[in-house]
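Novice: Sequence and predicted structure are below.
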2 protein chains.
Amino acid sequence: MEKRKVEVCFTPENIQYFDISNSHIVVVDVLRATSAICAAFANGAKAVIPVPSIDEARKAKENGYIVAAERDGVTLSFADFGNSPFNFTAERIGGREVAYSTTNGTRAIIEASKGLSVVVASFINISAVANWEMATGHGDVLVLCAGWKGKFCLEDTLFAGALAEQLLANEIFETQCDGTQAALQLWGNAKGNIKSYLELVAQRHRLKRLGLDDVLDYCFTPDSSSVVPVLREGKLVAAKPQL
Amino acid sequence: MEKRKVEVCFTPENIQYFDISNSHIVVVDVLRATSAICAAFANGAKAVIPVPSIDEARKAKENGYIVAAERDGVTLSFADFGNSPFNFTAERIGGREVAYSTTNGTRAIIEASKGLSVVVASFINISAVANWEMATGHGDVLVLCAGWKGKFCLEDTLFAGALAEQLLANEIFETQCDGTQAALQLWGNAKGNIKSYLELVAQRHRLKRLGLDDVLDYCFTPDSSSVVPVLREGKLVAAKPQL
């Protein structure tokens, strides 16, 4: 039987160079968009609606949605809050639909929608995502990193390596992708000492300068949630178990 | 004094996201375009003219140039030869101007031309390139990897890490670039055992399938040449020493 392939794409701007017609797409933006979306579902959000532009976020607010929106780490003035995972409390978003727009993360989710399926991942639901992708039983898996404004970023690549490691431990998966090989190695270098490794990460320093780096422990602690957010008709909703 | 920055861009398609107005660009396509260009200069070529399209390569041939041109590792029918470094012998190209078109490499050279300067690098002239960049005395340095059709590739990234290591050993350089951090680490993983490491590299297997992997030893042996090819008015020529 032909093995299922694992690929990693480092920025949404490069996904056009991958054939994703037979691929399930895993979108990740560890610091902080997809960690926040996973936190929202862990806290009972009904749906998260990715909106790419500031204008659409503003319209969502006018239409009565609760709106999370930031650019470069800073909450937009009309939004209810920005994209710290700590904002998405059960009190605020439990049972509600949240419109969400961020610098890199929502763009990645929208780019991914040409694949077989789109799930949103972070370290907080990494094993649930790995199990979900294994349970789909067919198709390749491409990890789409949000990156930083068209550039490679380390933290999303570490996640890609960690997920690829889980998938490739199962012999139904293989990889022939240099990006995956790089991600596996970088994750191998990092995993024993994440905290000191993060000193190398540019986004860690951007967040520190903005006083927003309180999320690091939360964002790099695996498996606090078992919910897999999946894209259905333009909305992220909690996936039903496939097993 | 402000330090000079080292950055790495993994594909020509992503250079638009970097501000290169104050950057010297080092273009690399280890397997095999820039290794071949460096071989051409080591063997006395007068100039190498990068031509992006097959049509332009054909016109160059009609105009009497010696033409090296390939796509996906296969020599084009009208060309004198493809891009194995072993084709660029002193007998064939000594004292001559060569028009050169490849899958990824010439695109990268042309994209790079918005920077302060463009040099062509490979392991065979790596220390000469590092010394040349140090001697420029100003401006940042961006390593532009040719990649593979818009995707990240490992072999160019290893070169980027090796060059960054040489530059950053000098305290006039620093980096705040995640791509550079990744390249440094991947080079650190590879450098003690390049031969076995290359088994991970997709392009190594593409070349093997085409019977073109005889170039590996040559392309990964450092410093067989001290010539730095630099772009001047659309032509690559041997740089004069800057010291």
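Specialist: That came in fine, so what should we check first?

Novice: need the contact list for the residue most central in space within chain A.
Specialist: The residue lying closest to the centre of chain A (C-alpha atoms, centre = their mean) is A:Val28, at 2.4 Å. Contact partners of A:Val28, counting by C-beta atoms under 8 Å, 6 or more residues apart in numbering or on different chains, are A:Thr34, A:Val120, A:Ala121, A:Ser122, A:Val143, A:Leu144, A:Cys145, A:Ala146, A:Asp156, A:Phe159, A:Ala160, A:Leu163. Backbone N, C-alpha and C define where each C-beta goes, glycine included.

Novice: quick check, distance from the helix or strand bottoming out on mean pLDDT in chain A to the centre of its chain.
Specialist: Every helix and strand of chain A was ranked by mean pLDDT, DSSP states H and E. The lowest is helix A:105-111, at a mean of 83. From the chain centre to the centre of helix A:105-111 is a distance of 9 Å (C-alpha atoms, centre = their mean, to the nearest Å).

Novice: and A:Val227, how many neighbours?
Specialist: Counted by other C-beta atoms under 10 Å in any protein chain shown, the residues lying close to A:Val227 total 22.

Novice: Could you measure from it over to chain B?
Specialist: A:Val227 sits 29 Å away from chain B, going by C-beta to the nearest C-beta, to the nearest Å.

Novice: for A:Lys46, same thing?
Specialist: 35 Å.

Novice: again with A:Ser23
Specialist: 14 Å.

Novice: looking at the sheet around that residue, what are its partners?
Specialist: Assessed by DSSP bridges, A:Ser23 has beta-bridge partners A:Asp140.

Novice: how about the strands in chain A?
Specialist: A:4-9, A:23-28, A:47-50, A:66-71, A:74-75, A:97-101, A:117-121, A:140-145, A:173-174, A:229-232, A:235-238 (DSSP state E).

Novice: how about these, which one is nearest A:Arg206?
Specialist: Checking the strands of chain A against A:Arg206 by C-beta to C-beta gives strand A:74-75 as the closest, at 10.8 Å.

Novice: before we move on, back to that, out of the contacts of A:Val28, which are buried?
Specialist: Among those, those classed as buried by 16 or more other C-beta atoms under 10 Å in any protein chain shown are A:Thr34, A:Val120, A:Ala121, A:Ser122, A:Val143, A:Leu144, A:Cys145, A:Ala146, A:Asp156, A:Phe159, A:Ala160, A:Leu163.

Novice: Can you lay out those residues as a markdown table showing pLDDT?
Specialist: Shown next, in a markdown table, are the buried ones among the contacts of A:Val28 (pLDDT from 0 to 100):
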| residue | pLDDT |
| --- | --- |
| A:Thr34 | 95 |
| A:Val120 | 97 |
| A:Ala121 | 98 |
| A:Ser122 | 98 |
| A:Val143 | 98 |
| A:Leu144 | 97 |
| A:Cys145 | 97 |
| A:Ala146 | 94 |
| A:Asp156 | 97 |
| A:Phe159 | 98 |
| A:Ala160 | 98 |
| A:Leu163 | 98 |
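
Novice: Can you tell me which of those lies closest to B:Leu186?
Specialist: Nearest member of the buried ones among the contacts of A:Val28 to B:Leu186, counting by C-beta to C-beta, is A:Ala160, at 14.1 Å.

Novice: any idea how far A:Ala190 is from the closest one?
Specialist: For A:Ala160, the distance to A:Ala190 equals 12 Å [C-beta to C-beta, to the nearest Å].
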